[in-house]
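**Q** what's the 3D shape of this:
(one chain, ligands or ions: 1)
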Amino acid sequence: MSRPAIIDSHCHLQNLPAGELEAALDAARERGVGGFLLPAVRLADADEVLGICHRHSDVWCALGVHPHDALTWQDGDQERLRGLLADPKAVAVGECGLDFYYDHSPREVQERVLAEQWELAIELDLPVVVHNRDSNDAMLAMVRRPQFGRLRADFHSFAGGLAMARELIERGFYLGFSGMITFPKADNVREVLPFLAAEQILVETDTPYLAPVPYRGKPNRPAYVVEVGERLAVELGCSYSEVSALTSRNFFRLYSKAAA
Ligand SMILES: [Zn+2]
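**A** I've put the predicted structure just below:
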């Protein structure tokens, strides 16, 4: 198989059932998946997440606190996260963001915890993995703050609509596309693709969620990033090989610590 390797830029491998991790990675590698980014959702996950990365040369991680878990963020956690990010396998801050759909943490707490993580990312010159759901206005207010002008980010599993996409694109952010682009009714996800520069596109599975067609409703696996890439190729009017080469280049440009 001579197709260029594709990279799953967002898969929660720590959420796979015990004993399935190795098989899931091998199944993906057999289909030409050449790298995996594993986002933590809590600092308490960091040791487990880093352990997975250190056992696999093709797995890297983001370390941070998900908006659902913003209430776990304590005084001193910015320092703790700074220390954890010194690990060579920790290539980004995240998964961090805002989620006003579930509101598992109070909104002002989500915003404060996000701001502390972005401050640290800028200081360390690391990119961030951003989760954004039903929080476009608050998220745009954050990215417009002058203090975050140098932020580098992947807005993962992007479904924020065209107006949001246009501002994020103009600011040079990357958008990650998941199995949602294969869903028949997801025109609102696909419609942003023509506005993106090729250099701003990433592909992901969001394992174990959002399995693409034809696995919809089943647990997602990193091997299925191939279906995401194939659909992206159709939407962009290019070949799968071009999509995999392009998105892998984009991955290592954004997550440059993984290329070191
Ligand atoms: Zn995630």
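**Q** For the rest of this, base every contact and every neighbour count on C-alpha atoms.
**A** OK.
**Q** so what's residue 11 up against?
**A** 36, 37, 38, 39, 204, 205, 206, 207, 208, 221, 222 (C-alpha atoms under 8 Å, 6 or more residues apart in numbering).
**Q** so the last one sits right up against residue 209, yeah?
**A** No: with contact defined as C-alpha atoms under 8 Å, residue 222 does not reach residue 209; the gap is 10.5 Å.
**Q** Which one of those two is surrounded by more residues?
**A** A direct count of neighbours by other C-alpha atoms under 10 Å for residue 222 and residue 209 places residue 222 higher, at 29 against 18.
**Q** In JSON lines: the contacts of residue 11, plus secondary structure, pLDDT and distance to residue 23.
**A** Formatted as JSON lines, the contacts of residue 11 follow (DSSP: H, G, I helix; E, B strand; the rest coil; pLDDT from 0 to 100; distance: C-alpha to C-alpha, whole Å):
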{"residue": "36", "secondary structure": "strand", "pLDDT": "98", "distance to residue 23": "14"}
{"residue": "37", "secondary structure": "strand", "pLDDT": "98", "distance to residue 23": "17"}
{"residue": "38", "secondary structure": "strand", "pLDDT": "98", "distance to residue 23": "16"}
{"residue": "39", "secondary structure": "strand", "pLDDT": "98", "distance to residue 23": "19"}
{"residue": "204", "secondary structure": "coil", "pLDDT": "98", "distance to residue 23": "18"}
{"residue": "205", "secondary structure": "coil", "pLDDT": "98", "distance to residue 23": "16"}
{"residue": "206", "secondary structure": "coil", "pLDDT": "96", "distance to residue 23": "17"}
{"residue": "207", "secondary structure": "strand", "pLDDT": "96", "distance to residue 23": "14"}
{"residue": "208", "secondary structure": "coil", "pLDDT": "94", "distance to residue 23": "14"}
{"residue": "221", "secondary structure": "coil", "pLDDT": "97", "distance to residue 23": "10"}
{"residue": "222", "secondary structure": "helix", "pLDDT": "98", "distance to residue 23": "11"}
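**Q** Of those - the most surrounded one?
**A** residue 205 (33 neighbours).
**Q** Against residue 181, how distant is it?
**A** For residue 205, the distance to residue 181 equals 11 Å [C-alpha to C-alpha, to the nearest Å].
**Q** what is the rounded mean pLDDT of stretch 119-136?
**A** Average pLDDT, stretch 119-136: 97.
**Q** dump the residue contacts of residue 97.
**A** By C-alpha under 8 Å, 6+ apart, the contact list for residue 97 reads 66, 67, 110, 111, 114, 130, 131, 132.
**Q** which one of the residues you listed is nearest residue 214?
**A** For these, the closest approach to residue 214 (C-alpha to C-alpha) belongs to residue 131, at 24.9 Å.
**Q** Burial check on the closest one, number of neighbours?
**A** Residue neighbour count, defined by other C-alpha under 10 Å, stands at 20 for residue 131.
**Q** before we move on, the earlier item: which neighbours do residue 205 and residue 181 share?
**A** Applying C-alpha under 8 Å, 6+ apart, one finds that residue 205 and residue 181 are jointly contacted by 212, 228.
**Q** Show me where the stretch 151-260 of the chain has its helices.
**A** Taking DSSP state H, counting those that start in this stretch as the test, the helices found in the stretch 151-260 of the chain are 162-170, 187-190, 225-236, 240-254, 256-259.
**Q** and the longest strand anywhere in the chain, how far from the chain's centre?
**A** Counting by DSSP state E, the longest strand found in the chain is strand 90-99. Strand 90-99 sits 8 Å away from the centroid of its parent chain (C-alpha atoms, centre = their mean, to the nearest Å).
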